[in-house]
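Trainee: Let me see the structure of the following:
(chains A, B and C)
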Amino acid sequence: MRLLPTLLSLLGCLSTTTLAAGAGASGNSKSSTNLRKLPPTERFNLYHGKATASSSAAPLKLLETDYRALVATPRDYSVAVLLTAMDSRYGCQLCREFQPEWELLARSWTNGDRKGEGRVVFGTLDFNDGRDVFMGFGLQTAPVLFFFPPTIGPHAVVPPEPLRYDFTGGAQAAEVVHHWLARQLPDRPHPPVKRPINWMRWISTFVILSGGATASYVAWPWVLPVVRNRTVWAAVTLIAILLFTSGHMFNRIRQVPYVAGDGRGGISYFAKGFQTQYGLETQIVAAIYGVLTLSGITLAIKVPRIADPKSQTVAFLAWWGILFVVYSLLISIFRTKSPGYGFALPPFM
Amino acid sequence: MSAADPLQVIASAGKGESTRSVLRVIILALIAGAAVSSRLFSVIRFESIIHEFDPWFNFRATKYLVANGFYNFWDWFDDRTWHPLGRVTGGTLYPGLMVTSGVIYHALRALTIPVDIRNICVLLAPGFSGLTAIAAYLLTNEMTPSPSAGLLAALFMGIAPGYISRSVAGSYDNEAIAIFLLVFTFYLWIKALKQGSMLWGALCALFYGYMVASWGGYAFITCLLPLHSFVLICMGRYSTRLYVAYTTWYALGTLASMQIPFVGFLPVKTSEHMPALGIFGFLQLLAFLDYVRSAIPSRQFQTFLWLFAGTAFGVGLLGLVIATSMGFIAPWSGRFYSLWDTGYAKIHIPIIASVSEHQPTAWPAFFFDLQMLIWLFPVGVYLLFQELADEHVFIVVYALFGSYFAGVMVRLMLTLTPVVCVAAAIAMSNLLDTYLTTKSPAAPDALSDKDADGKKAGKAGLKSTSKPVVGIYASWAKSVIVSSFAVYLLLFVLHCTWVTSNAYSSPSVVLASRLPDGSQHIIDDYREAYQWLRQNTREDAKIMSWWDYGYQIGGMADRPTLVDNNTWNNTHIATVGKAMASSEEASYPIMRQHEVDYVLVVFGGLLGYSGDDINKFLWMVRIAEGIWPDEVKERAFFTPRGEYRVDGEATETMKNSLMYKMSYYNYQNLFPPGQAVDRMRGVRLPEVGPQLSHLEEAFTSENWIIRIYKVKDLDNLGRDHASAVAFDRGIKKKKPVKKKGPRVLRVE
Amino acid sequence: MRLSLSFIAALFTAAVSAVSTTGNRLLVVLEEDADKQIYSKFLGDLKSRGFDLSFESPKSESLSLFHLGERSYDHIIFFPTKMKGLGPNLTPNILVDFLNAKGNILVTLHSNVAAPTSLVSLLAELDIQLPADRTGLVVDHFNYAADNSSAKAHDVLLLPPPRPARSDVKDFFSTGAGEDDVLAFPRGVGATLGASALLNPVVRAPETAYSYNPKDQVGALTADDLFAAGTQLSLVSAFQARNSARLTLVGAAEMLQDTWFDAEVTASAGGKKKTINREFAKRLSGWTFQELGVLRTNWIEHRLDEPEDPRNNETNPKIYRIKNNVKYTISLSEYSWDSWTAFTVPDNDDIQLEFTMLSPYHRVPLSWDTTRSSDSAAAYTAYFRLPDQHGIFNFRLNYKRPFLSNIDEKNTVSVRHIAHNEWPRSFVISGAWPWIAGVAVTVAGWLAFCLVWMYSAPAKKGVKGEKKTQ
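Mentor: Numbering: from 1, shown residues only, chains lettered A, B, ... in the order given. Next comes the predicted model:
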């Protein structure tokens, strides 16, 4: 009992070397055929041995021959193959995004299950190495993740057609795919995805924090007045309020376009309809609010504090005029947003 | 007083303090009256009817309370919703609203005024809006010495559409009383803080308890008061007043809130309530340090103490985080968390994301609900910065967070409105005080009379208020400002009235549409269908529908439902979604298992009614897919080109889904052959409509908005429904042809 | 209540010798009146059992099974007719409606007569397949009647008395028959039954029997052409719909003819034997026309089984509480020929009660309750404890057995949670005593502190101190 795994792994190593020789001269059909002839258990041990040979061996970089050997029936193990096109010629963005997640998943699964109780082999087949496989499936797009369930043994499923994971949701995180795989592999061990700790980030954050702390300690005498300054706080508060009340969060959540072109080559600043808006539109509205607020503040606080009657009158006229015009502008803009709004002020009637 | 100068008379009329207070009372009464009357459009236009969805449950619960008494209500097990699970209603609702109207009902009965409970429920919201106006008056008076600000705030509060939207007559929802409680609790908090009195703190706690009993939004108070205290502490404004007010409020308020079964132990378990607890502990520490400092007056020692306080705070925070990650403290609840991580709900909780009032707010909504206040609001906030007393800090903090939340969720416009009204009123009153005065400064060089305000502000105030107030010289300028703002105020009133009557006064149970000749046409399909259910089905006939209509069916048709608007059980809702999204053969066992007798769908195709089930269908699919990813796939409802179609191009899954079949069954018979058109989607439908075998059409309302189907019983002769239907259509089973292969043998 | 019922039953027995539970209007579909003579004994037996027979020819226009939407007959017998179809008044759809309206049908076939199309398609709906060309003949070369015309054709089968196939099924059709009695099955048609649970073979062909077409299958018979053979071939089949309406298919109409009633036949194995056709015909028709194997639920009662609970003696309450002990009793009667008798569950079978919400939470066997039983009604009782799960539950008794009419009783009750005042008080729970003591100590300490403080400290500082200590 104890001896068996060691023996198997030994055999695995042996055949690994032979395969390497065979696969090295790619297209060597003889080796592939006799690989395919191997009984399923040995095939699994062979490839599982390869995958567990080093901690970063999985997912196996497959050649077409290996692929054919792996998915050959009958098989008492499962195979998860990612058909991808990493070559920059194909410009497959999704492939490149998903590759690291895929490797992470394959590694943590294979290393979590070194004994091979789950009997799963992870492999990656690039378009360059396996054109005919892509042709065979009639694939137009990459990446495609195929899961080949076992055809014999306790977990055999019918029909043995491979299950296809569709990437409609874009490149998925390793955990999502892991969940999908786990559903296909009932009552077998599901080694969890182990993300390596990102030491670099920890260190950098620590450095930045400590640096900030020292900097603030040094600059405290200069910082303090700013922190204590009421006007600064007032400005910050008002800006924040204007941002929120002009629908900035809507842009954040809905990712609305900044501007959109109208049909005739120009750009339309204001989106049609009550429930929509553009990024630029919100900025315009925020600016209008700001101007109105400013004039209100000035009329309420500044103007009555101007000692000189002349300048006071001028300031008053200027600010009041601004208030008057801009407010009516705001109302007219709102009218364009919601037709049927009946009110208006001069001059924008 | 000579009649020659009426101005003088009027002016002098306002002089005496008593006359002023009398005037104030009268004005407040008038404002309250205006607030109430401006919410009666729906009653006048339609009738005294409960509005959209949730109110129907509240109404039903209130009727139960009035009929069976308080204790039965407290232990109410509702076996007519969430069939067959039932709902422990007494323990899963906020009883404040029902109890309030129950008390009113019994009080009136005691006064021998017989009044229908429905009318109380319909008119509760307007009545409380009057109180809200008065509460706003009180709160504003705490902020500014100017007496006019309070009245303006009351006026704004009374007619601001942002608040009317949830409090018109008939919208009998928790918010109806909650907003009053919110404002009044804040008023009491400010009072307690200013006076540092236990009495006001206890009152604050009392109303806080009432608020907790009424609305889930109490978390807003629970987080805002600690935040306010924390900001004050950071500004170095710790005082025994703060200590007394906060500790009194927290201790009593938490105890009060834990009396509500629905809340129970949340205040000590969940993250929403942790800030309050943390600040409570921190205040104890500060009080101790304060005491020590007063005992040992040594410079270094004090700095050490403050450092100690800071580190203690940090450690406490760290402990909180750790406890949360270890799971001793429940993390943020979904709804609450989605306020911060705005993408969260869309990915993880489709049910929350699917609710329309949880969507973010576009800017027109802000202007629509607050018109001129939206830009007076910052002005007021700025003015509060002049002398930044404790209560002003509160308003500032409230303004910041209120506007953030309102931006993230449409419904939280409700919590923003009060602070907007207060701030805007302060700004407006400040303007009027400046410009609506007959006396002008005499000489330009009258810089000698610096008022105290100017001096104080000069020291530690805003830069802009460093110079002393002189006043306005030109009286025409005053008249210009006054007249223009008078116009703005009038416009504001017109706007509010218009918005209220056009946008917020339709009870979405009854739809109103305009005929070409401009006359109003009432579309009453909902009540027609519910009445049909009430009169033509068994008392315990189970109705399956999407959860939006659960409360209405329970309230109007009085029939058990599978799911309703109280979306506490995601799986059960997903089950209904699966039944709707699967084929007949797949969903029939589900319906049998849940003993469904009738299925109700809403179909807007004939009328172009946008809120129908086909438009909500994708949410059903998503929610179902969340539970059964292998059996329901959203992808399968989109055409290869990724379109969501219902016409001939629709995918097979779509065409076979129960929802599609029930929506379009027999629909093409309304039109000449091949002319069938879905007016909502604006597409032409295929020649042959879908066929139903496991269900049969029971009822279709006048405008086809509501369609009800009866679920057939198992076939009497043990056939499957498809072949039974085929047989009834006259298609005989053909004689068994000689087939190769093994025979199927019968085993006894 | 039950007494009066049995009394009424007694009255009926006095009035007529017997009557079916679903009425006694029996329609006999014959082509010409001459046939009446052939079946005189059979029909006579029926008449003597209290049925009033009305004879109709399928040709007649006046014939209609429904009048103003109500059944105008309770039972139908179809004797073989030469017609290809049965005319517009007996279309399969009408017959299906008749079954759905709880009408019973007895269909008889004859190998020489083509079965009418409407009957064929009706049987097809019930998942009963007749030979494709509608003229199959069942023969058996090992046990046949050797004494008459059939001596060569081997088409008169002599069958042992039909015993039930399963041990837990009541024996309705062969009781009282001796082992050496035989059932003659002359020139009959065999049918094959589908897997439907509503179907049951009454008489199955022996292993050595098979069905073939005497016209074109005289010579060799390949396995593919063979319609059916052995026990797959059902000679007399019974169907009971979900509403307990019954349809019986008799493969050989001749076995109901006078010639085969109490006849003497010589078996192929040798020796003379008596046929039990008459008794069998009586029992078969009796079963078909709801005189045998009819079950009735007299009453159902469920109540709390908690002596100290005030609501204990309330019958059939609408609502229970979780973890209540409850008692469920049902009273069942079985009708046999002319009277209601206590229904006794067959040996090695038992009757079970389910307490179900979405899926059964309990499935308990019911036991005979002697105290509530009488000779005309049997009471069965079960005691159990409600699950710890609130919801809307059903007491469901679903007893469906071959040849017994279906019982599917469902009583819906709500199971509520524990109310706020049904928990034990805190001072009852010993575990709570430390906390209660803690509260008391705190209160006392606070009061003491206040006293001390008031008498020791100046008032001004008192305010401050008081704040601090809470």
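Trainee: Quick check: residues of the stretch 401-550 of chain B near chain C?
Mentor: Proximity of the stretch 401-550 of chain B to chain C (Cβ under 8 Å from any Cβ of the partner chain) is limited to residues residue B:540. C-beta here means a position set from N, CA and C on the backbone, and glycine is covered the same way.
Trainee: Tell me, how many residues neighbour residue B:500?
Mentor: Residues near residue B:500, counting by other Cβ atoms under 10 Å in any protein chain shown, number 21.
Trainee: What ranges does the chain have for its strands?
Mentor: You didn't pick a chain, so chain A it is. Along chain A, counting by DSSP state E, strands occupy A:60-62, A:78-84, A:120-126, A:144-148, A:163-165, A:260-261, A:267-268.
Trainee: that's the wrong chain, I wanted chain B
Mentor: Along chain B, counting by DSSP E, strands occupy B:511-514, B:520-523, B:543-544, B:598-602, B:677-678, B:683-684, B:695-700, B:706-711.
Trainee: My guess is residue C:56 contacts residue C:28. True?
Mentor: Yes - contact criterion Cβ atoms under 8 Å: residue C:56 and residue C:28 qualify, at 7.3 Å.
Trainee: Which single residue in the stretch 501-650 of chain B comes nearest to chain A?
Mentor: In the stretch 501-650 of chain B, the residue found nearest to chain A is residue B:635; the distance is 5.7 Å by Cβ to the nearest Cβ.
Trainee: Quick one: the strands of chain B as JSON lines, columns for mean neighbour count too.
Mentor: Output for the strands of chain B, formatted as JSON lines (neighbours: other Cβ atoms under 10 Å in any protein chain shown):
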{"stretch": "strand B:511-514", "mean neighbour count": "13"}
{"stretch": "strand B:520-523", "mean neighbour count": "12"}
{"stretch": "strand B:543-544", "mean neighbour count": "26"}
{"stretch": "strand B:598-602", "mean neighbour count": "25"}
{"stretch": "strand B:677-678", "mean neighbour count": "18"}
{"stretch": "strand B:683-684", "mean neighbour count": "15"}
{"stretch": "strand B:695-700", "mean neighbour count": "17"}
{"stretch": "strand B:706-711", "mean neighbour count": "22"}
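Trainee: could these go into TSV alongside distance to residue C:453 and mean pLDDT?
Mentor: Shown next, in TSV, are the strands of chain B (distance: least, Cβ to Cβ, whole Å; pLDDT from 0 to 100):
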stretch	distance to residue C:453	mean pLDDT
strand B:511-514	68	78
strand B:520-523	71	83
strand B:543-544	66	94
strand B:598-602	68	94
strand B:677-678	79	89
strand B:683-684	81	88
strand B:695-700	75	94
strand B:706-711	71	94
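Trainee: Out of the strands of chain A, flag the one nearest residue C:71.
Mentor: Distance to residue C:71, taken as Cβ to Cβ, is lowest for strand A:163-165 among these, at 56.1 Å.
Trainee: for the stretch 51-200 of chain A, what are the low-confidence residue spans?
Mentor: A:168-171 (pLDDT under 70).
Trainee: now the stretch 351-500 of chain B
Mentor: B:351, B:442-464.
Trainee: Any idea how far stretch B:256-269 is from the middle of the chain?
Mentor: Put simply, stretch B:256-269 sits 21 Å off its chain's centre (Cα atoms, centre = their mean, to the nearest Å).
Trainee: Residue C:73 belongs to a helix, doesn't it?
Mentor: No - membership of residue C:73 in a helix is not supported by DSSP: H, G, I helix; E, B strand; the rest coil, which gives coil.
Trainee: what's it in contact with, if anything?
Mentor: C:25, C:26, C:27, C:54, C:65, C:103 (Cβ atoms under 8 Å, 6 or more residues apart in numbering or on different chains).
Trainee: Local confidence estimate at it?
Mentor: Per-residue confidence (pLDDT) for residue C:73: 92.
Trainee: How about residue B:735?
Mentor: Confidence score, pLDDT, at residue B:735: 52.
Trainee: what about the residue sitting nearest the centre point of chain B, distance to chain A?
Mentor: Nearest to the geometric centre of chain B sits residue B:411, at 4.7 Å (Cα atoms, centre = their mean). For residue B:411, the distance to chain A equals 14 Å [Cβ to the nearest Cβ, to the nearest Å].
Trainee: For residue B:202, list the residues it contacts.
Mentor: Counted by Cβ under 8 Å, 6+ apart, residue B:202 has contacts B:248, B:252.
Trainee: okay, now the domains of chain C?
Mentor: C:8-290, C:294-421 (automatic domain parsing).
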